[in-house]
Structures are given as structure tokens and as C-alpha cells.
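Enquirer: Attaching a predicted model along with its sequence, questions to come.
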Amino acid sequence: MPAAKKVTVKLKTVRPSGKRDESFFELVYEVVRQIPKGRVTSYGAVAACLGTKLSARMVGWAMSSSGKMRPKVPAHRVVNRNGVLTGKHHFSPPGSMEKMLKKEGIKVRNDTIVDFEKLFWDPVKEFGI
DNA sequence: CGCCTGACGAAAC
DNA sequence: GGTTTCGCCAGGC
């Protein structure tokens, strides 16, 4: 069974706002937008929320388009499993990512989230998948 | 229409 | 335990 299809179905169930998922990106944005202020999550966690087998790559990759999104997608709250700001270089300027994080009370040291485990917000847990 | 790339992750060595 | 490789899926060229 194609995982991608499953994911679509799942998200639809979670967000039956009558809004159909144009792309898998939309799903990612939705989840990322739910990240509370002062919290962070990982690409893998989001991927897991979408169905688990969806290769976290697509999640982060989808974020590259997030900058074009009208509503601010807190992409800066999404980091890799290491807690490292892998995509900070994609921001403009690159340092803005950690700057925003610090502004929210998140400590960033050496491009890495301090106490990442504590600040980690698991969408799967919140969504109850 | 086919190959390459990509902000990850986990398994293998 | 650190480093390297493969796998995933979708979009861009």
C-alpha cells in the first residue's frame, strides 16, 4: 500500500475543514503551523504525523516552498533530528532562523537547539495518530 | 520521458 | 561511536 495515499487520507481525517490537500506540502504546513511558540520539532516527527513512512526528506524539502506561503510558516521551529538548524542557510539572512528562535525563548548554540529534548513538540502525540 | 537533486533518517560498515 | 551509504517521494531540468 502506498504510504503517500495513506498520508493524504489521514490528514484529511484530522483536518476535515473541507480543504483538500493540493499537495503533500499543504499537509506539512498545517502541522508546522500548529507548533506552539517556544517549541520545536523535527522533520521526522512531522513526517511521522503524516503517516510515518513518508521520508522526512520531503517534509524539509516542502519547507523550501514555505517561504512563498502567505501565512508565516514557522519553518524556523523545525529542525533535524539532531536538533541542528540544518536549514538555516536557506533563510534570508541565514542567521534569522536562530534569531527568531532566540526571540521565542529558545536557546540556540552553535546552530543547535539547547535542551532540544525538552522543547521538542511531537505532532504525533498532539494529533494522537 | 528519464536522471538528478534535496532543509532527513536510520541502518550498515 | 563516528562516518558513510542507501532509501523515500516529488519536483525540476
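Expert: Everything's here; your move.
Enquirer: Run through the residues that contact the residue nearest the centre of chain A.
Expert: In chain A, the residue lying closest to the centroid (C-alpha atoms, centre = their mean) is A:Val32, at 4.1 Å. Shown here is A:Val32, whose contacts under the criterion C-beta atoms under 8 Å, 6 or more residues apart in numbering are A:41, A:46, A:63, A:66, A:73-75, A:77-78. For every residue, glycine as well, the C-beta is placed using N, CA and C.
Enquirer: I'd assumed A:Leu50 was in contact with A:Leu27.
Expert: Yes. At 5.5 Å, A:Leu27 and A:Leu50 qualify as touching, with contact defined as C-beta atoms under 8 Å.
Enquirer: Could you check which of the two has the larger neighbour count?
Expert: With neighbours defined as other C-beta atoms under 10 Å, A:Leu27 and A:Leu50 compare such that A:Leu50 has more, 29 against 25.
Enquirer: Isn't that one up against A:Val28?
Expert: Yes. Using C-beta under 8 Å, A:Leu50 is in contact with A:Val28, at 7.1 Å.
Enquirer: Mind listing the shared neighbours of these two?
Expert: A shared contact of A:Leu50 and A:Val28, defined by C-beta under 8 Å, 6+ apart, is any residue touching both; here these are A:Val59.
Enquirer: buried subset of the contacts of A:Val32?
Expert: By neighbour count, with 16 or more other C-beta atoms under 10 Å, the contacts of A:Val32 hold A:41, A:46, A:63, A:66, A:73-75, A:77-78 as buried.
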